[in-house]
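Q: okay, here's the prediction I keep looking at, along with the sequence it came from:
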Amino acid sequence: MDPRRVITVYHDTKKSNQGPILYWMSREQRTESNWALSYAQQRALTENQPLIVIFVLMDSFLHANYSHYDFMLRGLKEVAAGLQKHNIAFTLLKGDPSKLIPQFIRNHGISHMVTDFDPLRQKKSLQQHIAEKITVSMETVDGHNIVPVTTASKKQEYGAYTLRPKLHKLLEEFLHQQPKILKHPVPFTKELPDISWSTLLDSLPLEKNPYFTATYPSGPRAGKKQMEDFIENRLNNYAAHSNDPTKEALSGLSPYLHFGQISSQQVLLALEESKFHSSATRDFVEQIFVRKELSDNYCYYNINYDNFNGFPHWAKKSLDAHRRDPREHLYAYEDFLHGNTHDRLWNAAQWELLTTGKIHSYLRMYWCKKILQWTKSPEEAMAFAIKLNDSYSIDGRDPNGYTGIAWSIGGLHDRAWKEREIFGKIRYMNYQGAKRKFDVLQYINTYLKDEEHG
Ligand SMILES: Cc1cc2nc3c(=O)[nH]c(=O)nc-3n(C[C@H](O)[C@H](O)[C@H](O)COP(=O)(O)OP(=O)(O)OC[C@H]3O[C@@H](n4cnc5c(N)ncnc54)[C@H](O)[C@@H]3O)c2cc1C
């Protein structure tokens, strides 16, 4: 593995103690094309040691609800079976990683730990906290970005236009198949606790979204199937119809990418095998490569990625100048939650979110900008948008989400537009604009069947 994939090193990695190697799986929940896993295996092979993979299930995480845990656990069950086939031990522990990981390391004589890089504040501080409690070496590996986040850029980028050339310059260097996971020759012989998959989900104190009716197949196999189906059947329509929520043109890959059941690297390699250089793929590559990696860049380098302070200077100044503008409509969180606004298009988008766990890409921007328009302040708009997105989007709690919300409300990665009420110089979107892009009534009728939601 290219050593630039290692983002953070805690303690001395060169000093080799005797003992099993641990991979604490977190953001990258797959066996294939997982840099951290293959790196950990390489070290275990070199030192002739067993390899153990651990997943720590927390009771709650950033508004995640029952459906998110359900999706994740179904995927993890497949991962566990895959590891077993490779003679790699897997265990899942329930509780607080900052207690359980150090305890596990002590009890099992672990000599070195590898874990997934994650730009989110909560994950970074958790890793830091664990590193302070252990004495063995620990490394974080970036398996989420094709070009490792700190290699792509050493600072927060202004926008896609500044990161894009850097990423494309490094693409060839980093986009290649990685070594397959081998059947591990050294078994882990100590007993690990059994995982009761059938009761695990219901043992957690999770809120259920009563409106959610979708069922998504989960796991690395399902992610691959989603990718293949997209490349074969929808990719050619992506450029023409990706802004039309009444057409099936998007990949639908975000839940699989978010939970690391598939990597963007696997998707780009699959595209390369098919028609990577055709014009149909250009727009898609811009999203799954440039925009996605720009989100990690923002969250990694800007600690305020989820609040007003993270916005660019011009945007903060402009929003500040419009704080006292009269708001024709003001809604409470509950009004937004139940889609009870005066705007049927907005309500329909909210009901798409509640029932399917997604909002179409184009409408996500409209949905979020209207929250800015109909709340007391940009701070309140941020808080409402993040809570709704993280609680109900199956792909929520993701750098793409915090970045998309900061783009919509705070002009992040965008430029100043014509000044107007409330928005200041932040780009505005309206119903008429949506009508020019797609059949708004058809969309509304799909998600607002019941008049009480109208
Ligand atoms: C207000 C708002 C909230 C958002 N919340 C989330 C979120 O919680 N999780 C999430 O993954 N994405 C989020 N996005 C980004 C984008 O809307 C979704 O990635 C996209 O809708 C997912 O559907 P798809 O996989 O079918 O997209 P496709 O168009 O098929 O794109 C493929 C992949 O490219 C990446 N991508 C696409 N658009 C963007 C973008 N604008 N920024 C960064 N990466 C992108 C994603 O990884 C996506 O899965 C948000 C955008 C906005 C404006």
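A: Structure's in. What do you need?

Q: low-confidence regions, the stretch 151-300 of the chain specifically.
A: Applying pLDDT under 70 to the stretch 151-300 of the chain flags the ranges 275-277.

Q: residue 91 is in contact with residue 100, correct?
A: No: applying Cβ atoms under 8 Å, one finds residue 100 not in contact with residue 91, separated by 10.4 Å. C-beta here means a position set from N, CA and C on the backbone, and glycine is covered the same way.

Q: tell me, how many residues neighbour residue 344?
A: Other residues near residue 344 come to 19 when the count uses other Cβ atoms under 10 Å.

Q: I misspoke; the intended subject was residue 41.
A: Residue 41 has 22 nearby residues by other Cβ under 10 Å.

Q: list the contacts of the residue of the stretch 51-200 of the chain found nearest the ligand.
A: Residue nearest to the ligand within the stretch 51-200 of the chain (Cβ to the nearest ligand atom): residue 160, separated by 9.2 Å. Shown in contact with residue 160 (Cβ atoms under 8 Å, 6 or more residues apart in numbering): 286, 290-291, 294, 413.

Q: wait, what's in contact with residue 424?
A: Neighbours of residue 424 in contact, by Cβ under 8 Å, 6+ apart: 315, 318-319, 321-322.

Q: can you check residue 63 too?
A: Residues in contact with residue 63, defined by Cβ under 8 Å, 6+ apart, are 387, 390-391, 396-397.

Q: which of the three states applies to it?
A: coil (DSSP: H, G, I helix; E, B strand; the rest coil).

Q: ok, back up a step: from the contacts of residue 424, which land in helices?
A: 315, 318-319, 321 (DSSP state H).

Q: walk me through the domains of this protein.
A: Each domain of the chain is listed here as a residue range: 3-143, 145-176+220-301, 308-453, per automatic domain parsing.

Q: which of these sits closest to residue 182?
A: Distance to residue 182, taken as Cβ to Cβ, is lowest for domain 3-143 among the domains of the chain, at 6.7 Å.

Q: re earlier: and residue 211, which of the domains of the chain is closest to it?
A: Residue 211 lies closest to domain 308-453 among these, at 4.1 Å (Cβ to Cβ).

Q: and the domains of the chain: which comes nearest residue 189?
A: domain 3-143 (7.6 Å).

Q: just the mean pLDDT for the closest one, thanks.
A: For domain 3-143, the mean per-residue pLDDT is 93.

Q: pretty sure residue 270 contacts residue 227?
A: Yes: between residue 270 and residue 227 there is a contact at 6.0 Å, judged by Cβ under 8 Å.

Q: number of residues surrounding residue 381?
A: 25.

Q: tell me which element it is part of?
A: Using DSSP states H and E, residue 381 maps to helix 378-392.

Q: this structure against the ligand: which residues are in contact?
A: Counting by Cβ under 6 Å from any ligand atom, the chain comes close to the ligand at 242, 250-254, 257-258, 287-288, 291-292, 295, 361, 364-365, 368, 389, 393, 395-396, 398, 400-401, 403-405, 408.

Q: swap the cut-off to 5 Å and go again
A: Proximity of the chain to the ligand is confined to 250-254, 257, 287-288, 291-292, 295, 361, 364-365, 368, 393, 395-396, 398, 400-401, 404-405, 408 under the rule Cβ under 5 Å from any ligand atom.

Q: how many other residues sit next to the closest residue to residue 212 other than its chain neighbours?
A: Nearest residue to residue 212, sequence neighbours excluded (Cβ to Cβ, 6 or more residues apart in numbering): residue 67, at 5.2 Å. By other Cβ under 10 Å, the residues close to residue 67 number 19.

Q: and the helix or strand encompassing residue 67, what's buried?
A: Assessed by DSSP H and E, residue 67 sits inside helix 66-85. Neighbour-count burial for helix 66-85, counted by 16 or more other Cβ atoms under 10 Å, picks out 67-80, 82-83.
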